[in-house]
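1. Show me how the following folds:
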Amino acid sequence: MRIVFVCGCLEPGNDGVGDYTRRLAAELIRQGHTAGILALHEPGREWVFSGQQFDEQIPVPVLRLSQCLSWPERMRYAQAWVAQQNPEVLSLQYVPFSYDAKGLPWGLAGQLKTLGKNVPWHVMFHEIWVGTRQGSSVKQMLWGSLQQAILRRLVKQLAPQQIHTQSQLYQAFLARQKVQAGLLPLFGNVPLQPQPFRVNTHDYLEIIVFGTVHADALWREAIQELSQQDRPMRLTFIGRNGSHAKACIEWCTQMQLPVRLLGEQALERISFVLSQADIGLTSTALPMVEKSGTVAAMLEHGLPVLCIASAWQPRGVPSPPLPLHVYAYRVGQVFQLLDSLQKHPPKNRIARTAEQLTRQLSPRRSYSTLL
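-> Model (predicted):
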């Protein structure tokens, strides 16, 4: 299969969807397909880059276009490059804020339709609209209503042969907009390195904090309870943990709990650290964990993940069931969970995700995306 992905930005390490798309394109190439990526809304000065990016030594053809270029100018470059790639499928990786600073890309669908005559579209909804949480402000709900209208228009104009999202929550939200989306499971943002599978052989509990620490998370309560179990514990912070991690680290230090601060590391180093840990902590809201790249990475590395987020209820749809090996923290209930918080064999998800995508985008298959 020949496929061209369309996203907003491909700056490595600075755009999660761009990193996801590059990894997926490289995996498709590894499996014998042809893939390239078009980035339409790169930040910074006026520039154009046509060349290659690499993922685990796999070269991926890319065209990166600055947002400082006018849309007509960007589309002239894009049309010529897409014609050279001669794709069988165009795949839009959709985040509303990737194509417009206010998340309102009204003209996007019309621009995209000029990219390839008679080339079918696929859409992956990474983000949908704001105001999805119970208790959202009136401003967020009105803003979200505009984003819903743009999303419906995009689906109508592109008439994609297949639509995907990565979470059951977004699948339910899209269904309320009469958009039928299949599930394409998210893979981790850290390539799984070959490591021996090890289950709790050291004399302390290694707890990893990978991903953003949110201010309203129940980290004090959870960490204090974990520190009271029979084995000593150590907390390891790795990657970009955000500004609120500082308060968590200072509190742990005051409580005289062992803390290791690793910060940003090479992906190979992160993979090694994850493989040596026993439990992962996340403060991503429970209904949203399926769309977290850091949660996916911890699960791929065999870690049980304890969600310490504060209560978050979706607006208008039920909360989805928890993914396998993800556990909800409840104050005072850590001891009841300890027997369940056991490591499992690592599993690389990306190969299966790529196989599912190409299978469902086969020209022999056709889907109605509007219910």
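
2. which of the residues in the lowest-mean-pLDDT helix or strand in the chain are buried?
-> Among the helices and strands of the chain, helix 334-337 carries the lowest confidence by mean pLDDT, DSSP states H and E, at a mean of 87. By neighbour count on 16 or more other Cβ atoms under 10 Å, the buried set for helix 334-337 is V334, L337. Any C-beta I mention is one placed from the backbone N, CA and C, and that applies to glycine too.

3. Show residues contacting that helix.
-> With Cβ atoms under 8 Å, 6 or more residues apart in numbering as the test, helix 334-337 has contacts from A222, E225, L226, Q229, L306, Y327, Y329.

4. low-confidence ranges in this structure?
-> Scanning the chain for pLDDT under 70 picks out the ranges 195-201, 363-371.

5. Got the domain ranges for it?
-> By the assignment in automatic domain parsing, the chain contains the domains 2-187+351-360, 205-347.

6. Serialize the ones you listed to JSON lines and add fields for distance to Q193.
-> Formatted as JSON lines, those follow (distance: least, Cβ to Cβ, whole Å):
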{"stretch": "domain 2-187+351-360", "distance to Q193": "10"}
{"stretch": "domain 205-347", "distance to Q193": "4"}
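
7. Please identify which of these is closest to P194.
-> domain 205-347 (9.3 Å; Cβ to Cβ).

8. follow-up on the earlier one: ok, then the element right after the least confident helix or strand of the chain?
-> helix 350-360 (DSSP states H and E).

9. what about the helices in the stretch 251-371 of the chain?
-> Taking DSSP state H, counting those that start in this stretch as the criterion, the stretch 251-371 of the chain contains helices spanning 267-276, 293-300, 334-337, 350-360.

10. Let me know which of the ones you listed is tucked in deepest.
-> Per residue and on average, the most neighbours among these fall to helix 293-300, with a mean of 25 (mean count of other Cβ atoms under 10 Å).

11. Summarise which helices and strands that helix is packed against.
-> If contacts are counted by 3 or more Cβ pairs under 8 Å, 6 or more residues apart in numbering; DSSP states H and E, helix 293-300 sits against helix 16-30, strand 205-210, helix 267-276, strand 279-282, strand 305-307.

12. what would the ones you listed look like in a markdown table with distance to N241?
-> Below are those laid out as a markdown table (distance: least, Cβ to Cβ, whole Å):
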| stretch | distance to N241 |
| --- | --- |
| helix 16-30 | 15 |
| strand 205-210 | 6 |
| helix 267-276 | 13 |
| strand 279-282 | 11 |
| strand 305-307 | 16 |
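
13. sorry, back to before: now the least confident helix or strand of the chain: how far from the chain's centre is it?
-> Relative to its chain's centre, helix 334-337 lies at 29 Å (Cα atoms, centre = their mean, to the nearest Å).

14. ok, now stretch 66-76?
-> 27 Å.

15. buried sites along it?
-> So stretch 66-76, judged by 16+ other Cβ under 10 Å, has buried residues S66, Q67, L69, W71, R74, M75.

16. Pairing partners for the first one in the sheet, please.
-> Under DSSP bridges, the beta-bridge partners of S66 are E42.

17. So it sits against A39, correct?
-> No: using Cβ atoms under 8 Å, S66 is not in contact with A39; the gap is 9.5 Å.

18. how about the helices in the stretch 51-200 of the chain?
-> Along the stretch 51-200 of the chain, counting by DSSP H, counting those that start in this stretch, helices occupy 71-85, 96-99, 108-112, 138-158, 168-176.

19. taking the ones you listed together, which one is wrapped up most tightly?
-> helix 96-99 (a mean of 22).

20. With only the CA atoms kept, save it in CSV.
-> The C-alpha trace of helix 96-99 is given here as CSV (Å, rounded to 0.1, in the frame of the first residue of the first chain):
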residue,chain,number,x,y,z
PRO,A,96,-8.1,20.9,15.6
PHE,A,97,-5.3,23.0,17.2
SER,A,98,-2.7,21.5,14.8
TYR,A,99,-4.1,23.5,11.9
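
21. Any chance you could list what contacts it?
-> 7-9, 15, 17, 40-41, 103-105, 108, 127-129, 147, 150-151.

22. what comes up buried for stretch 325-335?
-> H325, V326, Y327, Y329, V334.

23. if I look at P194, how far off is D230?
-> Separation of P194 from D230 (Cβ to Cβ, to the nearest Å) stands at 32 Å.
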